[in-house]
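In: Please find the sequence and the predicted model below.
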Amino acid sequence: MWKLSLGRGLAFGIWMKIVNFPHPSLRHPAVPVKAIDKKIQAYVAEMLELMYEGKGLGLAAPQVALPYEIFVMNLNPENRAAQKIYINPQISERKGSVEGEEGCLSFPGLYAKVRRAKTIRCQAYDLSGQLVDQTVSDLEARVWQHEVDHLRGDLFIDKVGAIGKITIRGDLKKFEHDFRRAQERGEIPPDADLEKLLTALEGQD
């Protein structure tokens, strides 16, 4: 969430960077991680660095064109000991409702008000394979919901109210224009090729 970052490095043959809307990965539902091996650990390490470089609070694997159910977060980026890694996350309960402003690292500079549950109960595995079962509220619950949405192919722009959708329409058109122009210049592969890559990666976790 929050701001654009450029790519950092190569992790198991994949040059990782945060992708922008409308990259197909952002609408491609992620698959559960089958094993927490060295490859997954390397992906997580790169995701964390990208999140920090982008000054974000969270980052989901589809945002770096990886189709896996993983997201990282840190609500206090100045303290890396507070970072969290969540694998195969699920939200089992939602309570209350609150509106708040959100942004996203895949939509640099775009912010909009989104209504979310105030409190959630959620489960996931950490990087050591231990099950985490917790109840969180407010900002932590908002980030959790935002990132889990990413794993389902849902984006925060889908939850913006009617007036908000009108407000951000021009920004979304610019994101689409810039993305297609980059494809025309050969800087980004065609959508069909990106989809093939995502499908191939699904069996390599």
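Out: That came through fine.
In: Would you list the phi and psi of A35?
Out: The phi/psi pair for A35 (degrees, to the nearest 10) reads phi -150, psi 140.
In: Now do the strands in this protein.
Out: Using DSSP state E, the strands found in the chain span residues 10-11, 14-15, 58-60, 70-73, 84-95, 98-103, 111-116, 119-125, 131-137.
In: And the residue nearest the centre of the protein?
Out: Among the residues of the chain, A60 comes closest to the average C-alpha position under CA atoms, centre = their mean, at 2.8 Å.
In: quick revisit: tell me which of the strands of the chain approaches P190 most closely.
Out: When the strands of the chain are ranked by distance to P190, counting by CB to CB, first place goes to strand 14-15 at 17.8 Å. The way it works is simple: take the backbone N, C-alpha and C, and place the C-beta from them, glycine included.
In: got any ranges where this structure has weak pLDDT?
Out: Counting by pLDDT under 70, the chain has low-confidence residues at 1-14, 205.
In: do that again at 80, thanks
Out: Low-confidence regions of the chain, defined by pLDDT under 80, span residues 1-15, 203-205.
In: re earlier: where's the residue nearest to the centre of the chain relative to E184, distance?
Out: Taking CB to CB, to the nearest Å as the measure, A60 and E184 are separated by 28 Å.
In: And for F21?
Out: Relative to E184, F21 is positioned 17 Å away (CB to CB).
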